[in-house]
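Colleague: here is my input; please provide its structure:
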Amino acid sequence: MPKVSIKGADRLAGDFQALERAERGPTLRKGSRAGAKVAQQAIRAKAPKRLGKMARGIVLGSQRSQSPSQQVTTTVTLSKRSYPYEGQTKSAAMVGRMVELGTQNMAAEPFFRPGFDGAEDAIAAATEAAIAEAVDNVLMGAR
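Modeller: From the prediction side, this is the model:
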């Protein structure tokens, strides 16, 4: 029976262990956040300017699962901070919902979904680039 030996098998095993650790930790967070930042910028660009602080109210949020699979979610949402709006104090989330969906007295001016839809390719590219960079950093650090 032929005999096969692999040179550098220890180093390869170390790389695989480093990748496993990276997959569970900051690598997913970095990728998720990079994509969300691109989405945030695209949505802010589409936000109605006449409302003043609406674009500043578009913020990022993060969640991590406690399961071993380590699922990371980064959301782009409207802030619950209150701003003066038409003589009253209302949250950006409340005003944004009225603008996005409309009311019985105001036509809808969608900005959230069109902003996201227009940036889908850029979001995917930013996410992939951030994950690739983080994986490269992990592998370079493992050697």
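Colleague: once you drop chain neighbours, what's closest to the residue nearest to the spatial centre of the chain?
Modeller: Centroid-nearest residue in the chain: Ala36, 2.5 Å away (criterion: Cα atoms, centre = their mean). Distances taken as Cβ to Cβ, 6 or more residues apart in numbering put Thr74 closest to Ala36, at 4.0 Å, once the chain neighbours are dropped. (Glycine included, C-beta is placed from N, CA and C.)
Colleague: ok, back up a step: was I right to think the residue nearest to the centre of the chain contacts Thr77?
Modeller: No - if you go by Cβ atoms under 8 Å, Ala36 and Thr77 don't touch, sitting 10.0 Å apart.
Colleague: need the overlap of contacts for those two.
Modeller: Jointly contacting Ala36 and Thr77 under the rule Cβ atoms under 8 Å, 6 or more residues apart in numbering are Leu60.
Colleague: helices and strands around the lowest-mean-pLDDT helix or strand in the chain, which ones?
Modeller: The helix or strand of the chain with the lowest confidence, counting by mean pLDDT, DSSP states H and E, is strand 82-85 at a mean of 71. Packing contacts for strand 82-85, counted by 3 or more Cβ pairs under 8 Å, 6 or more residues apart in numbering; DSSP states H and E, involve strand 88-91, helix 92-101.
Colleague: all strands for the protein, in order.
Modeller: 58-64, 72-78, 82-85, 88-91 (DSSP state E).
Colleague: contacts for the last one, please.
Modeller: By Cβ under 8 Å, 6+ apart, the residues outside strand 88-91 that reach it are Gly57, Leu78, Ser79, Lys80, Arg81, Ser82, Tyr83.
Colleague: who are the contact partners of Leu78?
Modeller: Counted by Cβ under 8 Å, 6+ apart, Leu78 has contacts Gly57, Ile58, Val59, Ser91, Ala92, Ala93, Gly96, Arg97.
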